[in-house]
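> model the structure of this input:
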Amino acid sequence: MTKLQLSFPLLRPLDEDLMYRVGAVTSTYGILGVRAEPGSDRLTVEYDATRFSPRDVEAVLARAGLPLAVRSV
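Coordinates of the predicted model:
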């Protein structure tokens, strides 16, 4: 397993609903952890790089409905 971290800027701060969605992302196999503070405009994701590419991680966050700002990967 190769652990990597990525930081994702958000379009708006996290509220209670978005924090719930962040929690749901951690149940995805290969996502090892997500750090975020309520009201923050950034997420940090720790993931298994043998299972995911940065684009895959971004896609998991987008499918969860998190308001990601445009990233250049």
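
> now the helices for this protein?
Counting by DSSP state H, the chain has helices at residues 16-25, 54-63.

> give the buried residues for the first one.
Of the residues in helix 16-25, those buried under the neighbour-count criterion (16 or more other C-beta atoms under 10 Å) are L18, R21, V22, V25. To be clear about C-beta, it is placed using only N, CA and C from the backbone, and glycine gets the same treatment.

> now, which of those residues sits nearest A69?
Comparing these against A69 with C-beta to C-beta places L18 closest, at 13.7 Å.

> which residues touch that closest one?
Going by C-beta atoms under 8 Å, 6 or more residues apart in numbering, L18 touches G65, L66, P67.

> which one of the helices of the chain has the lowest average pLDDT?
When those are ranked by mean pLDDT, helix 16-25 comes last with a mean of 88.

> quick one: it to helix 54-63, angle?
If you take axes from the mean of the first three to the mean of the last three C-alpha atoms, to 10 degrees, helix 16-25 sits at 130 degrees to helix 54-63.

> how far off centre is helix 16-25?
Counting by C-alpha atoms, centre = their mean, to the nearest Å, helix 16-25 is centred 10 Å from the centre of its parent chain.

> L4 - nearest residue in space that isn't next to it in sequence?
In space, and not counting its chain neighbours, L4 is closest to A49: 4.6 Å by C-beta to C-beta, 6 or more residues apart in numbering.

> give me every residue that touches that neighbour.
By C-beta under 8 Å, 6+ apart, A49 lies in contact with T2, K3, L4.

> columns pLDDT and distance to V34 on top of those, output as TSV?
Formatted as TSV, the contacts of A49 follow (pLDDT from 0 to 100; distance: C-beta to C-beta, whole Å):
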residue	pLDDT	distance to V34
T2	93	18
K3	96	13
L4	96	13
